[in-house]
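> this one's structure only:
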């Protein structure tokens, strides 16, 4: 929803040794360029417009798919183990979450506990927390 989130996520990916995968949408290159404050080229994968097909392809190649989503079977962030194989973290819209067709492709859903009155965290903040956990850094 907000291009600044991509720049934040790009910097987090760099910090934990990950790459950022983004759909090929008209506004994405500008958002990445505006938010990229890194001094070296960043690792970006273009997922194409059909993100679900890209996720299916990644799963068929052995990647684990973790989605940040509220779900009955979701694992709490503190219980999420560090990644031991190539892992893709899927982030959804801050209000509507991950689309249902993409939720069906998740190997595991992870939820970030909240004690305040807010319904969700900013997508870049939520993604950063999960990326650090998957990297085994927290």
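Yep, it's here. Remember, predicted model here, so these are calculated numbers, not experimental data. Residues are numbered from 1 along each chain as shown.
> For the helix or strand containing residue 124, give me every contacting residue.
Using DSSP states H and E, residue 124 sits in helix 123-134. Outside of helix 123-134, the residues within contact range by Cβ atoms under 8 Å, 6 or more residues apart in numbering are 1, 4-6, 8-9, 12-13, 16, 18, 66, 68, 77, 80, 82-83, 87, 89, 91-94, 110, 112, 120-121, 138. All C-beta atoms are positioned from the backbone trio N, CA, C, and that covers glycine.
> mind checking how far that helix is from the chain centre?
A distance of 7 Å separates the centroid of the chain from that of helix 123-134, by Cα atoms, centre = their mean, to the nearest Å.
> still on that earlier bit, could you list which of the contacts of helix 123-134 belong to strands?
Those of those mapping onto strands are 66, 68, 87, 89, 110, per DSSP state E.
> before we move on, back to that, for the helix holding residue 124, what is the average pLDDT?
Averaged across helix 123-134, pLDDT comes to 96.
> hmm, which two among the ones in strands among the contacts of helix 123-134 are most spread apart?
68 and 87 (12.4 Å; Cβ to Cβ).
> The two: who's more crowded?
residue 68 (25 against 19; other Cβ atoms under 10 Å).
> Next, the contact list for residue 22, please.
Applying Cβ under 8 Å, 6+ apart, the residues contacting residue 22 are 6, 28, 32, 44, 45, 46, 47.
> coming back round to it: pLDDT and distance to residue 60 added to the ones in strands among the contacts of helix 123-134, as CSV?
Formatted as CSV, the ones in strands among the contacts of helix 123-134 follow (pLDDT from 0 to 100; distance: Cβ to Cβ, whole Å):
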residue, pLDDT, distance to residue 60
66, 98, 17
68, 96, 22
87, 98, 15
89, 98, 18
110, 98, 22
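> Could you list the low-pLDDT ranges of this protein?
By pLDDT under 70, the low-scoring segments of the chain are 1-2.
> What's the ChimeraX syntax to select whichever of the contacts of helix 123-134 are buried?
Only the buried entries of these go into this ChimeraX selection, using 16 or more other Cβ atoms under 10 Å:
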select :5,6,8,9,12,13,16,18,66,68,77,80,83,87,89,91,92,94,110,112,120,121
